[in-house]
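Enquirer: I'll drop the sequence and a predicted model, then ask my questions.
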Amino acid sequence: MPSSTTPAPDSLARDVRLYVFREAAATARVPQPPQIAEALGRSPAEIQEALRELAAGKVLILAPNDGNIWAANPFCAVASGFRVDARGRTYQAICIWDALGVAAALGADAVIRASCGDCSEPMTLKIQSGALTEGEGLVHFAVPAHHWWDNIGFT
């Protein structure tokens, strides 16, 4: 049973989640376990457990084999082919769906730069006041949405 000075595990997972998403939105960088542990004053083991809990709930995606955060959707922790320029920063997204999600999550005007998945031609989309104002193309999902989490890395 947690003591009065130690938050319950669900409370820690909530605190980790809020910290990760706030930090990602504010800095365009997804924080990693050591930074989270330091910021929240918790042990690395406690943070890893909270991250595993969040990953099991599909709140974020952990990188295979190392426990670092790969993505806190819509924010991606690694360089990708889907860049979102907003608020004077460049955010990364895993896919075009998440790139649009970054602009929505930030509530900011944005320019999304990506490449066509078919022909590799550069594509630019502009979001202003919450609406797509420039850009054309098709969004193709090779995997049906109900199977995305079967292998989210591939999807």
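Expert: Arrived safely.

Enquirer: so residue 82 touches residue 95, yeah?
Expert: Yes. With contact defined as Cβ atoms under 8 Å, residue 82 reaches residue 95; the gap is 6.1 Å. C-betas here are computed from N, CA, C, even on glycine.

Enquirer: need the strands for this structure, in chain order.
Expert: Ranges of strands in the chain, per DSSP state E, are 61-62, 69-72, 75-76, 82-86, 89-93, 110-115, 122-128, 131-134.

Enquirer: how about CSV for those strands, with mean pLDDT, mean neighbour count and distance to residue 24 added?
Expert: Listed next are these as CSV, based on pLDDT from 0 to 100; neighbours: other Cβ atoms under 10 Å; distance: least, Cβ to Cβ, whole Å:
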stretch, mean pLDDT, mean neighbour count, distance to residue 24
strand 61-62, 94, 18, 13
strand 69-72, 96, 22, 6
strand 75-76, 96, 26, 4
strand 82-86, 97, 22, 12
strand 89-93, 98, 21, 8
strand 110-115, 95, 18, 15
strand 122-128, 94, 15, 18
strand 131-134, 88, 11, 23
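
Enquirer: ok, now which ones touch residue 141?
Expert: By Cβ atoms under 8 Å, 6 or more residues apart in numbering, the contact set of residue 141 is residue 97.

Enquirer: Give me the pLDDT for it.
Expert: Residue 141 carries a pLDDT score of 75 in this model.

Enquirer: if I look at it, how far off is residue 100?
Expert: To residue 100, residue 141 is 13 Å away according to Cβ to Cβ, to the nearest Å.

Enquirer: now swap in residue 108 and tell me
Expert: When distance is defined by Cβ to Cβ, residue 108 is 12 Å away from residue 100.
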